[in-house]
Every structure is written in structure tokens, then in C-alpha cells.
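Trainee: Test case, fold it:
(2 chains)
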Amino acid sequence: MVKKNLYINQNKYTFRDKHKSIFKSDKGLSKGIIKKISQEKNEPAWMLNVRLRAYAIFLKKQMPDWGVDLSKIDFDDLYYYIKPTVQAGASWDDVPKKIKNTFERLGVPQAERKFLAGVGAQYESEMIYHNLKDKWAKQGVVFEDMSTAAIKYPELVKKYFTKVVPMDDNKFSALNTAAWSGGSFIYIPKGVKVELPLQAYFRINTAGMGQFERTLIIADEDSEVHYIEGCTAPTYSRDSLHTAVVELVALPNSHIRYTTIQNWSQNVYNLVTKRAVAETGALVEWVDGNLGSKSTMKYPCVILKGEGAQADVLSIAFAGDGQYQDTGCKIIHLAPNTKSKVVSKSISKGNGRASYRGLVMIDKRAKNSQVKVECDALLLDEESRSDTYPVMKVDNDNVVVEHEASVSKINEEQLYYLQSRGLTQDEAVRLIITGYLDIFAKELPMEYAVELNRLIELEMEGNMG
Amino acid sequence: MIDIKNLYVSIKENDILHGVNLKIHQGKIIALMGPNGSGKSTLSHVLMGHPDYKIEKGEILFDKKNLLSWPVHKRARQGLFLAFQYPYEIPGVSVWQFLQSSLQAIEGNKFSQANFVKRLQTIMKDLHFSENFLDRGLNEGFSGGEKKRMEILQMRLLQPKIAILDETDSGLDIDALKLVAANVRKMVGSKLGVLVITHYQRLLSYLQPDEVHVMYQGKIVKSGGRELVKQLERNGYSWIKPQNA
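Mentor: Numbering: from 1, shown residues only, chains lettered A, B, ... in the order given. Predicted coordinates for the structure are as follows:
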């Protein structure tokens, strides 16, 4: 009965700017282009070798034949490397004016002043700004763009790079390892607790661009860090590709929280591999919000390697008209007394489709482990769609596994009830959605919760007749 | 004032109301009684605008304007309130958030946050709600009585011109019943018009209605004063039926 004529309004994010890059590779990927990227970055030789090995794997690997339709991606029609400026500035004043304007319109420097410990901003292929507040720098916290880290901290990078997400994990992890550029490198020394979040902001500005950022976070023993990333792009008629790899290393008793608010425009394929290893007593949290993109395939993973390690995954997906969000997570319990909790919530609108794809594996060594998975789907229309593909492999009898799933439609009676209190149908739907996502908003820092609600209001804006 | 004229209503091809005539004046309490299935709740939902009901004939005027042409939210904004027999749960939406959105919708530009907070505090005290209710999901895990009191709280906050209480007394213990009645009476004193739907004498003995009407098979078959309540309590509805069979 409820007719919705909702449209997407992303004007705040989808504007374009006219900045001219200083280097743009030819279309397509080849050994030559990979060498050129490596050269532009003055990389050590070992990194170039890693890239070339990954490239060979990329060429051999099959495309995934499940999940979203990837057949329209033309790897030869993409730009793999666009260098917007000479080097990352540590001062906002050093950032070229046009790029600065872009980020200022997105509210990035304002946010930094107010409530962040540090900010990185990536424009096309490179981080154009990185800044860490002195307080943390003095305590030995490292927050650099990945390319700089490969030169300044070769030992750490070499030790962990591709160790959490092997280059041959899947075709897109191979592609990223071959073509990666930008992304953050973070090291938190023993015992240091960074109370404010570190944030990175990713922006694609060129049509038909491939962005391959690479992020590595190492939390040393007893340390704590919260990293937040936000992503946007303008709308073009040509599709862009965002293929990131994120590796988290949570050393004993550390705590990493990684929050993503992904609001790519609806011509971006978002194919991301994210994985964490949690050592003894460590806690890894993925808080993952997928609002934008044309198609997303993303399954943040935690390998609970040490005794008592914990994983907490909270993911929301919003699939509007023409969007396919294939998201979920993977939890691998390898040690005793490990715990994991997964809450996944999706909303589908129009002909949008949201799928939960989850794998929980409990190894025979993982006695006394606990797993709790909860996935809820909310459908806003008759034609919207949601699927759940949960897989559980349990090789130990001495564990507690709980799984709950629910699919609901917006309840007509609830709408009527709210309307009888003066809310329009549109306002009533929004209020119900806000309530549905309450658990997610509560996990975000206040400013992000406000931003998330605003984004959802934008997504939902429209007339309902 | 609400003026219901010769109202015929059906739902899914079933005729429910057959020519109802009723007036609800501001500052007055009108009681509507009648056996189960006689169409009392249907009338309340038709007034509020539930989408499932179809108006076959007749009209409803709200201060001389055509109420039936308005969407549900407009009826609320014009000053109509329905205290639901079965209030719905809205998980994750806090009572605070809901009340604020609702009052904002009703008051529009006149809404003031400070005023809202102040008024809410008074009303919560009057209805014996502790402050921690504000953070709870709306009606989520509330007892039957708490849900009903929450309806009355909303009525107090939104200050309608006309309120319909649909079996608000069911599920309330004596103390809560007195509390609800006192709150309703307070508002009637400041010009609220009430249509109270009930099966029982108890609430009416606290409310002291100005008129009592009995509905049977979709029609008002008997109208009178408070003495009618006593008669019904003593004799049930059977003595009414024959004269309309």
C-alpha cells in the first residue's frame, strides 16, 4: 500500500572540481605502468617485486562468480594512477587550493579541529594531506601515508605487508597489491591509548578512475586506536573502481576499532578486502556503514588467533534503487576462549538489493568459544530484496553458537500510529529507520552519528504519495 | 467540534457502520458503549483516518471542515488525538525522540525546545513516569498499563481539541485508572472534547460523562445521560437489542 517515490540526493558529495593532476598514467595496467608507479613513489626494490608478483597473480585469478555482477568492469579502460600533487602536505596550507576547496566543502578540516587526533586525506591515488596532533606524535604514534611508510619504516612494513591479506587471496587483493597507492599506515606503540579517532578521507574525482588504497594498522601490546574512513566521489556516467586492501594487526591485549562510512556515488564498484588478526586478549571491532556505491562486495574478517581474542562486527547496508550491497563478515576462531559478535542490518529500497554473506569458522583448537550472529533486513518496497547467506563451520563441540535472522517490512500499523501523532508518512518512515539503525548510531562518535542520520535523511528525502 | 453525519463504513466488503450520527463538543465528555464488534473501534479509526476503512456514505466535519479529505497527519495537526487500544511498539526510537518529533510536527514554527522540556517534566510527574522512560524504545517492553499511560502522556503533551480514548481503561489497575481520569478531567476543564469508548462503568464513574451513547451493529441505538451506564451495568446489552432487531 505504501507508495514511495524516493530519490537520492547526494549533491553535497557529488560535485566535481577542475584540479589538474601532475601525473596521470595511461589507461589500463601493465608491468610498465606498475614500474612507473613504483618509480614515482621512489619505492624500495622489494616493493616493486611484490607488485610485479601480485600482478602476475591478478592476471591468472578468476573473477568471483558469485555475489554482484562484475562483468561490466573493463580493467583496460581504467586509470590506475593519478598523482594530484607533488607530496603529501602536513599543513593544510600546503594543499593545492582546488583540492582544499573540495575537502572544505566536505567538512574535513573543520572536523579535524574539533574532534580528531589526526587526519589523512586522499585525492585520487595519493594522500594529499596527513597530520597528526603533536600529543600523539610525541608518544611515538605513527600516522603516515602508506608510500611514505614503505620508505621510512621498511622493517615494520615488510614484516606485515600482505601478511594479513595475502596477495593471492582473491583477484582484487592481487590487483590492489600490484597497483596500490595511498592509504594509511598507522603504528601505535605499546601501552599508548589514542583517545580521539584518527580519520582518513577518500575522494575519487576523475571519471573511470581506479583507487587502490592500502592501509596497514599495527596496534602494539596494550594499545588502543580508533580509525575512521569516509569515502565520496562525484557522479559520472562512467564507472569507477575502488579496490582497497586493509590489514589490521592487533597485538596482545590491544584494541582496534575501524569505522567506515562509505558513501561512494552510484557509479563506483566498491570491492574491498579487509582483514584483521587478533592476538591473545586483543579486541578488533569493524563498524562498517555502506550507503553509497553501485555495487559493493565487502566482508570484513577477523582471525582470532590468540587465546581470549574478541571480534565485534557491526555492519549496515543501505541499498537504494540500482544498488547492490553484498556485505557481511568472516570470523575465524583459532584459539580457545575466543568470542565474536556480529550484528548486520540492511535496508533495501526501490529495486535495491542487500545481501548478508557471512562465514563463521571454529577450529578444533577453539574450545569454549562463543559466537553470536544477528542479521536483520528491512524492506521498504515490494520489489526491494534481501538475501542471507550464513555459513557456519564448527569443528569443536565445546562452543556456544547463536544465530538469529529476521526480515521485516515497514509495518503499516506503525506508520499509521506515528502519523496519528502528526508525522507525515515520509517522516514516519525516517523515524522507524532511525530506530532500526539505533544500535549502529550508538557505536559511532556523536558527530558521526549525526552525520549518519543526515546521510540517511538525504537518502530518504523525497515525496511519498 | 466534530460532527459525524449519517456515516456508513465498510472494510474489505464488510459493512461495519450503518448511518452513525454523533457530535463531540469541546469541553464535553461523550461516552460510547456497546458490545464487542458493534463498531466502536471502527468509528475511532475512521475518525483518525486508518487507510483500511472505506467511507461508503456520510460525512465528518471538524470545526465545519471536511475531516475525511485530510491525511492522518493533518487530522492530528488540526487537533484530533486517538489514544490507541493497542499502542504500537517502535523499536529503537526513544520516547524522547518520538515525543519531540511529534510535538514538532504538531506545533510547527511555534515549537520551542525549552517549552517542550518543561512541559514534559510536569506531565511525566503527573502521570508517574520516571525519567528513565525517556531513553527507552517507544512502548518497547512496556506493560499494558504503561502503554496506556504513555498514550495519555502524549495527549497531555500534544494538547488536542478532541481526543478519542479507545478502551484506555482496559489493562489499568484502580490507581492508574484514577490517574488517567484525573488527567483527562484536567484537560476537559481547558476545553478538550472527549469521546471515551469503554465497556465498563468504572472509568465513567471517575470521568462523569455528559452524554452516553450505545452502539449496536454499527448504529447508535440508545442515547442518554449517566443513568444509562448503570442500566447497562445491571442488565447488559440484551434489553437494547430487541427494539432494533
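Trainee: For B:Val46, grab the count of nearby residues.
Mentor: B:Val46 has 25 neighbours, counted by other CB atoms under 10 Å in any protein chain shown. Heads up, the C-betas are built off the backbone N, CA and C, glycines and all.
Trainee: now check the helix or strand where it lies, is it near chain A?
Mentor: B:Val46 is part of helix B:40-48 when elements are defined by DSSP states H and E. Yes: remark: helix B:40-48 sits within contact range of chain A at B:Met48, by CB under 8 Å from any CB of the partner chain.
Trainee: Who are the packing partners of that helix?
Mentor: Other elements packing on helix B:40-48 under the criterion 3 or more CB pairs under 8 Å, 6 or more residues apart in numbering or on different chains; DSSP states H and E are strand B:2-11, strand B:14-24, strand B:29-33, strand B:54-62, helix B:72-77, strand B:80-83, strand B:162-166, strand B:193-197.
Trainee: Recalculate using a threshold of 7 Å.
Mentor: In terms of contacts (3 or more CB pairs under 7 Å, 6 or more residues apart in numbering or on different chains; DSSP states H and E), helix B:40-48 is packed against strand B:14-24, strand B:80-83, strand B:162-166, strand B:193-197.
Trainee: Let's have the ones you listed in CSV, adding mean pLDDT, mean neighbour count and distance to chain A.
Mentor: Formatted as CSV, these follow (pLDDT from 0 to 100; neighbours: other CB atoms under 10 Å in any protein chain shown; distance: least, CB to the nearest CB, whole Å):
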stretch, mean pLDDT, mean neighbour count, distance to chain A
strand B:14-24, 95, 18, 17
strand B:80-83, 98, 26, 6
strand B:162-166, 97, 26, 10
strand B:193-197, 97, 25, 15
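Trainee: is it possible to export the ones you listed to a markdown table including distance to A:Ser125?
Mentor: Shown next, in a markdown table, are those (distance: least, CB to CB, whole Å):
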| stretch | distance to A:Ser125 |
| --- | --- |
| strand B:14-24 | 67 |
| strand B:80-83 | 59 |
| strand B:162-166 | 63 |
| strand B:193-197 | 68 |
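Trainee: what's next to the helix holding B:Val46, contact-wise?
Mentor: With contacts defined as CB atoms under 7 Å, 6 or more residues apart in numbering or on different chains, helix B:40-48 is touched by A:420, B:9, B:16-17, B:20, B:32, B:34, B:53, B:60, B:72, B:75, B:80, B:82, B:85, B:164, B:166, B:197, B:215.
Trainee: Ok, stretch B:158-165 next?
Mentor: By CB under 7 Å, 6+ apart, the residues outside stretch B:158-165 that reach it are B:2, B:24, B:26, B:44, B:47, B:79-83, B:102-103, B:106, B:155, B:192-197.
Trainee: in the sheet, who's paired with the most centrally placed residue in chain B?
Mentor: For chain B, the residue nearest the mean C-alpha position is B:Ile164 (1.9 Å; CA atoms, centre = their mean). Beta bridges link B:Ile164 to B:Leu82, B:Leu195, judged by DSSP bridges.
Trainee: Neighbours of residue 183, how many?
Mentor: Just going to use chain A. A:Gly183 has 27 neighbours, counted by other CB under 10 Å.
Trainee: oops, I was thinking of chain B
Mentor: Residues near B:Asn183, counting by other CB under 10 Å: 18.
Trainee: confidence score at the residue nearest to it when sequence neighbours are not counted?
Mentor: Leaving aside its chain neighbours, B:Asn183 sits nearest to B:Ile152 (5.4 Å; criterion: CB to CB, 6 or more residues apart in numbering or on different chains). Note on B:Ile152: pLDDT of 97.
Trainee: mind checking which helix or strand B:Ile152 is in?
Mentor: Per DSSP H and E, B:Ile152 falls inside helix B:144-158.
Trainee: By mean pLDDT, which helix or strand of chain B comes out lowest?
Mentor: Least confident helix or strand, chain B: helix B:227-235 with a mean of 88, by mean pLDDT, DSSP states H and E.
Trainee: Mind giving me the packing neighbours of it?
Mentor: Applying 3+ CB pairs under 7 Å, 6+ apart, we find helix B:227-235 packed against helix B:201-207, strand B:211-216.
Trainee: Just name the most buried of the ones you listed.
Mentor: Mean neighbour count (mean count of other CB atoms under 10 Å in any protein chain shown) peaks for strand B:211-216 among the helices and strands packed on helix B:227-235, with a mean of 22.
Trainee: right, and the helix or strand after that one?
Mentor: With elements assigned by DSSP H and E, the helix or strand that comes after strand B:211-216 is strand B:219-224.
Trainee: who's in contact with B:Met33?
Mentor: Residues near B:Met33 by CB under 7 Å, 6+ apart: B:Thr198, B:His199, B:Val212, B:Val214, B:Leu232.
Trainee: right, and the pair among these with maximum separation?
Mentor: B:His199 and B:Val212 (12.7 Å; CB to CB).
Trainee: hmm, back to that, look up how far chain A lies from the residue nearest to B:Asn183.
Mentor: Applying CB to the nearest CB, to the nearest Å, the value for B:Ile152 to chain A is 13 Å.
Trainee: Just to check, that residue is in contact with B:Val180?
Mentor: Yes: B:Ile152 lies in contact with B:Val180 (CB atoms under 7 Å); the separation is 5.3 Å.
Trainee: sorry, back to before: just the residues contacting the least confident helix or strand of chain B, thanks.
Mentor: Residues outside helix B:227-235 that contact it (CB under 7 Å, 6+ apart): B:Ala31, B:Met33, B:Gln201, B:Leu204, B:Val212, B:Val214, B:Lys222.
Trainee: For the fourth one, give me its contacts.
Mentor: Translated: B:Leu204. B:Leu204 neighbours (CB under 7 Å, 6+ apart): B:Ala31, B:Thr198, B:Val229.
Trainee: Go through the residues you listed and single out the one with the most neighbours.
Mentor: In terms of neighbour count, B:Ala31 stands highest of the contacts of B:Leu204 at 25 neighbours, by other CB under 10 Å.
Trainee: How confident is the prediction for the residue nearest to it when sequence neighbours are not counted, by pLDDT?
Mentor: Leaving aside its chain neighbours, B:Ala31 sits nearest to B:Pro209 (4.0 Å; criterion: CB to CB, 6+ apart). B:Pro209 is assigned 95 on the pLDDT scale.
Trainee: Could you say which helix or strand holds B:Pro209?
Mentor: Assigned by DSSP H and E, B:Pro209 falls outside every helix and strand.
Trainee: Likewise for A:Glu195?
Mentor: When elements are assigned from DSSP H and E, A:Glu195 belongs to no helix and no strand.
Trainee: give me the number of residues near it?
Mentor: A:Glu195, neighbours per other CB under 10 Å, totals 10.
Trainee: Near chain A, which residues of chain B? Just list them.
Mentor: B:48, B:50-51, B:72-73, B:76-77, B:82, B:84, B:87-88, B:90-93, B:101-102, B:105-106, B:137, B:154 (CB under 7 Å from any CB of the partner chain).
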